[in-house]
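Undergrad: Mind looking at a prediction? Sequence and model below.
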Amino acid sequence: MAESTAALRAVPLRARSVVVLSVASVAGLMMLAWPLLVRVPEQQRFDPPFIFLALLPLVIVLVLAEFSEGGMDARVLAILGVLSAVNAILRGLGAGTAGIELVFFLLILAGRVFGPGFGFALGCTSLFASALMTAGVGPWLPFQMLVSAWVGMGAGLLPRRFTGRREIAMLIAYGVVSAYAFGLLMNLSSWPFALGIVLPGHEGSLSFVAGAPLLENLQRFGVYTLLTSTGSWDTGRAITTALMLAVLGPAILATLRRAARRVVVERR
């Protein structure tokens with residue numbers, strides 16, 4: 001019970017922070033899914049609104065500023081910096097090769113211990129730092145940061161009543177779902193703007209069709225995701241995350257919870 005209390009109070013979320021986080025998440029989801037919701041005449045040129053690429057980093061910065069003002073003091077920011085650096089190095093070691101991703105297991109564990117606000121911040125800073133280290137800066141980076149932030153935030157919102165092996169099992173299940181969700185959302189961020197998508201073993205184009213009914217485009221996107229990433233990159237990411245959580249999860253959880261208790265005690 002003490003550990004759960006520490007986890008909940010290490011980075012408290014004020015009511016205003018919850019509102020800011022909710023609005024930012026809805027805005028980010030709209031920035032990902034807007035092509036499916038906008039109706040345009042067929043054969044009309046369909047270009048991404050580049051204002052989204054400018055607004056999304058701004059939204060992320062506003063959320064991080066709100067967390068910093070509302071609950072992240074110098075001690076918590078120091079922990080955030082250390083974990084961001086470790087996660088950036090881990091991501092560089094795997095770099096997504098064959099779906100091997102080492103960044104998500106630590107993100108999930110930290111979000112579980114320090115709460116959704118910290119998890120959101122760590123997702124953003126980890127991906128940003130790793131992009132700088134691996135020359136991975138590009139128009140995809142804001143979306144990677146946002147989706148990773150959701151992974152960390154979701155871990156902080158998981159039920160607190162589970163402990164021991166049941167908690168690890170819950171985190172593994174969450175990690176697997178998050179691995180596939182990350183791949184799906186990242187595909188959604190680029191798929192509508194890829195032209196002439198034709199894959200072996202499938203007749204016809206899987207490209208987004210502007211003006212087509214929503215269900216038709218969703219079907220094309222589902223097939224595209226299944227054939228390009230679900231069975232390969234996303235499954236590799238899910239397996240890697242599950243194994244790391246199973247092997248290293250208990251020890252890292254205990255270490256992070258000791259750090260969280262120190263933060264809470266020193267604040268008092």
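TA: Done, it's in. Residues are numbered from 1 along each chain as shown.

Undergrad: Please count neighbours and contacts with C-alpha atoms only from this point.
TA: Noted.

Undergrad: Contact partners for residue 132?
TA: Shown in contact with residue 132 (CA atoms under 8 Å, 6 or more residues apart in numbering): no residues.

Undergrad: State the distance from it to residue 138.
TA: Between residue 132 and residue 138 the computed distance is 10 Å (CA to CA, to the nearest Å).

Undergrad: What of residue 219?
TA: From residue 219 to residue 138 the distance is 28 Å (CA to CA).

Undergrad: Neighbour count: these two, which is higher?
TA: residue 219 (12 against 9; other CA atoms under 10 Å).

Undergrad: In which helix or strand does that one reside?
TA: helix 214-225 (DSSP states H and E).

Undergrad: Next, the buried residues of the next helix-or-strand element following that helix.
TA: Counting by DSSP H and E, the element after helix 214-225 in chain order, helix or strand, is helix 235-267. Going by neighbour count (16 or more other CA atoms under 10 Å), the buried part of helix 235-267 is 235-242, 244-246, 249, 253, 256-257, 259-261, 263-264.

Undergrad: Tell me the helices and strands packed up against helix 235-267.
TA: helix 2-9, helix 104-114, helix 164-190 (3 or more CA pairs under 8 Å, 6 or more residues apart in numbering; DSSP states H and E).

Undergrad: Look up the closest residue to residue 182, ignoring the ones flanking it.
TA: Excluding its sequence neighbours, the residue lying closest to residue 182 (CA to CA, 6 or more residues apart in numbering) is residue 147, at 6.4 Å.

Undergrad: Could I get the buried residue list for stretch 141-158?
TA: Under 16+ other CA under 10 Å, the buried positions of stretch 141-158 are 141-156, 158.

Undergrad: Same question for stretch 79-87.
TA: Neighbour-count burial for stretch 79-87 [16+ other CA under 10 Å]: 79, 80, 81, 83, 84, 85, 86, 87.

Undergrad: hmm, back to that, among the buried residues of stretch 141-158, which ones are in helices?
TA: Of the buried residues of stretch 141-158, the ones assigned to helices by DSSP state H are 141-156.

Undergrad: Please identify which of these is nearest to residue 125.
TA: Compare each of these with residue 125 using CA to CA and the shortest gap goes to residue 145, at 7.6 Å.

Undergrad: quick one, what contacts the closest one?
TA: With CA under 8 Å, 6+ apart, residue 145 has these contacts: 123, 124, 125, 126, 127, 128.

Undergrad: Run through the chain and note the low-pLDDT ranges.
TA: Residues of the chain meeting the criterion pLDDT under 70: 1-12, 38-73, 94-99, 135, 195-204, 263-268.

Undergrad: again, only using 80
TA: For the chain, applying pLDDT under 80 flags the ranges 1-21, 23-24, 27, 31, 33-75, 91-101, 134-140, 192-212, 231, 262-268.
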